[in-house]
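1. return a 3D structure for these sequence lines:
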Amino acid sequence: MPDALRIALFTHSVNPRGGVVHTLELAQALHAQGHAVTVFAPVAPGQQLFRHIDCAFEPIGVPAAAPGLAGMVSARINACVGHLAPRLAGRAFDVLHAQDSISANALATLDERGAIDGFVRTVHHLDSFDDSRLTAWQLRGFQCAREVLCVSDLWCERLSDDYGVSARRVHNGVDLARYTPQAGAADAACATRHGIGRAAARGPVFLAVGGIEARKNTCRVLDAFAMLKGDLLDAQLVIAGGASLLEHDAYAQAFRDGLRASGLVCAAGGDVVITGNVPDADMPALFRLADVLVMASTREGFGLVVLEALASGTPVVVSRCAPFTEYLGEHDAGWADPLDALSIAGAMHAACDPSRADALRGGVPDVCRRHSWQASAQRHIDIYRAGATASPCRKEH
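-> Modelled structure (predicted):
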């Protein structure tokens, strides 16, 4: 392989999801090291990439809508195959690296046709589907890859134990120039724009990022927050994000039912604020405006926002399970049983202790210093070069 590699990175969306952020940050770090990076992503009419990147970005046009989730996934795989077949002809790139199942299935099809010579796949996490077609696409997306990577030991072990696939661990990172405790000039405007804070009093603000989803455990977080309201009358729960391709309608209805039963007011400036998608430029301020980030997930690939919150000087509450236990020390976070709302409430209350935030604002936490995108990029380059002459990833039987 040449010193400066031509790298194609593929992600499933132009919206701010963890896997997409990972792709863009990795692309930026690889670009800064002198590699020629192009990011590919499906783009429906009217969409655009949520964040500017310095390297090349190439949209793959996809239909605005399709019948059902499986129909949408099928249409996007076909659109990717159609776009990439001529684009990748003649070995236009040294490395093809898919970060999602949709692009991985497109690359698997091209590999089967002999149009490409294998691809790398990062598995962030796996989902459970009722539709056998979605399950089959998810499996094919990593079983056909030449090299498989994961961002946690948890998922490396799951792939090995459940599917006989050997995966290498790579790291996430955090941008310490972007995420900082120092208040920004636009923080107050951000609070006003999203209805964060109270007119009469300033109670603790609990932030949950990722929208209303079962794996984000949003219903139990709501239950935990309701338990706290007796002691923390002016507390506020802010639920940000949620731009997912998957269907969460039933869980969202359960959340609405729980919200109605709780008697909590859901509105700008109310007990509960649901922001929807937040402009990327607002995210650093959003972390600083929060008193505690709550990530009591039942399933995560890594939990990238945990590092971003800590770098912003905001204490975090996480589930006492992998992957969080892999990279956070006992005193880096507040720990909760994700299946017990009372445990989550207790961790949220304890995290409001001012000493927690004071300790973080005294300097960048060691866990953040250990996770840099530059180091992650170098790890990827080492794997790309080692895999150039390696056989496809090992399937253990």
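2. which residues touch the worst-scoring helix or strand of the chain on mean pLDDT?
-> Least confident helix or strand of the chain, by mean pLDDT, DSSP states H and E, is helix 354-361 with a mean of 90. Helix 354-361 is touched from outside by 181, 291, 310, 313, 314, 315, 334, with contacts defined as CB atoms under 8 Å, 6 or more residues apart in numbering. Any C-beta I mention is one placed from the backbone N, CA and C, and that applies to glycine too.
3. got a list of what residue 303 touches?
-> 18, 295, 297, 318, 323, 324.
4. ok so, going back, can I get the contacts of helix 354-361 in CSV with distance to residue 4?
-> Output for those, formatted as CSV (distance: CB to CB, whole Å):
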residue, distance to residue 4
181, 37
291, 45
310, 34
313, 37
314, 38
315, 42
334, 44
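5. state the mean pLDDT of stretch 222-236.
-> For stretch 222-236, mean pLDDT is 94.
6. I meant stretch 207-219, not that one.
-> On average, stretch 207-219 scores 95.
7. can you dump the C-alpha atoms of it in PDB for me?
-> The C-alpha coordinates for stretch 207-219 follow below in PDB (Å, rounded to 0.1, in the frame of the first residue of the first chain):
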ATOM      1  CA  LEU A 207     -29.800  15.300  29.500                       C
ATOM      2  CA  ALA A 208     -30.500  12.100  27.600                       C
ATOM      3  CA  VAL A 209     -29.200  11.900  24.000                       C
ATOM      4  CA  GLY A 210     -30.400   9.600  21.300                       C
ATOM      5  CA  GLY A 211     -34.200  10.200  21.300                       C
ATOM      6  CA  ILE A 212     -36.900   7.800  22.500                       C
ATOM      7  CA  GLU A 213     -35.800   4.200  21.900                       C
ATOM      8  CA  ALA A 214     -36.000   0.900  23.700                       C
ATOM      9  CA  ARG A 215     -32.200   0.400  23.800                       C
ATOM     10  CA  LYS A 216     -31.800   3.900  25.100                       C
ATOM     11  CA  ASN A 217     -34.100   2.900  28.000                       C
ATOM     12  CA  THR A 218     -36.000   6.200  27.700                       C
ATOM     13  CA  CYS A 219     -39.100   5.000  29.500                       C
END
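8. one step back: out of the contacts of residue 303, which are inside helices?
-> Of the contacts of residue 303, the ones assigned to helices by DSSP state H are 18, 324.
9. ok, the contacts of residue 303 vs residue 197, which is closest?
-> residue 295 (21.5 Å; CB to CB).
10. now do the contacts for the nearest residue to that closest one once chain neighbours are set aside.
-> Closest residue to residue 295 in three dimensions, ignoring its sequence neighbours and counting by CB to CB, 6 or more residues apart in numbering: residue 318, at 5.1 Å. Neighbour list for residue 318: 295, 296, 297, 303, 306, 324, 328, 333, 334, 335, 336 [criterion: CB under 8 Å, 6+ apart].
11. so the last one is in contact with residue 319, correct?
-> Yes: taking CB atoms under 8 Å as the contact criterion, residue 336 and residue 319 are neighbours in contact, 6.2 Å apart.
12. can you check which residues contact both of the two?
-> residue 296.
13. between the two, who's got more neighbours?
-> It is residue 336, of residue 336 and residue 319, that has more neighbours when counted by other CB atoms under 10 Å, with 29 against 25.
14. who's in contact with that one?
-> 296, 317, 318, 319, 320, 343, 344, 346, 347, 348 are the contacts of residue 336 under CB under 8 Å, 6+ apart.
15. buried members of these into ChimeraX, please.
-> Selecting only the buried entries of these in ChimeraX, with 16 or more other CB atoms under 10 Å as the criterion:
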select :296,317,318,319,320,343,344,346,347,348
